[in-house]
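**Student:** have a look at this prediction, sequence included:
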Amino acid sequence: MNLFAVPAAEIDAELIGSRRDIHMHPEPAGDERRTSALVAERLRAAGMAAATGVGGHGVVAMLDGTTTTQVKR
């Protein structure tokens with residue numbers, strides 16, 4: 001499922017469920033193994049490549065845009 005193609009209202013319950021799941025299974029700072037695995041799984045389910053183990057248990061995903069226009073700050 002591509003989460004970016006789905007209106008936010010349609011995935012609201014799923015996102016709330018994920019947040020509640022994370023809060024039901026707290027982990028010590030710097031040792032968020034379960035949370036990292038959940039985030040990587042969600043990114044991959046959305047069709048993104050997710051790199052894990054970044055700086056310990058970090059997760060990184062790259063979004064490729066289709067435009068060359070830069071966002072101005």
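**Tutor:** Perfect, thanks for sending it. Numbers count the residues shown, from 1 in each chain.
**Student:** what are the contacting residues of stretch 54-69?
**Tutor:** The contact list for stretch 54-69 (Cβ atoms under 8 Å, 6 or more residues apart in numbering) reads 30-33, 35-36, 39-40, 43, 48-52. C-beta coordinates here come from the backbone N, C-alpha and C atoms, glycine included.
**Student:** can you do 7 Å?
**Tutor:** Residues from elsewhere that reach stretch 54-69 (Cβ atoms under 7 Å, 6 or more residues apart in numbering): 30-33, 36, 39-40, 43, 48-52.
**Student:** tell me which residues in that stretch are buried?
**Tutor:** His57, Val59 (16 or more other Cβ atoms under 10 Å).
**Student:** so for that stretch, what's the average pLDDT?
**Tutor:** For stretch 54-69, mean pLDDT rounds to 83.
**Student:** also stretch 26-33?
**Tutor:** Average pLDDT, stretch 26-33: 94.
**Student:** and it, end to end?
**Tutor:** 10 Å (Cα to Cα, to the nearest Å).
**Student:** out of the contacts of stretch 54-69, which are buried?
**Tutor:** Glu32, Ser36, Val39, Ala40, Leu43, Met48, Ala50.
**Student:** what's the nearest residue to the fifth one if we skip its chain neighbours?
**Tutor:** If I follow you right, that is Leu43. Ala50 (4.1 Å; Cβ to Cβ, 6 or more residues apart in numbering).
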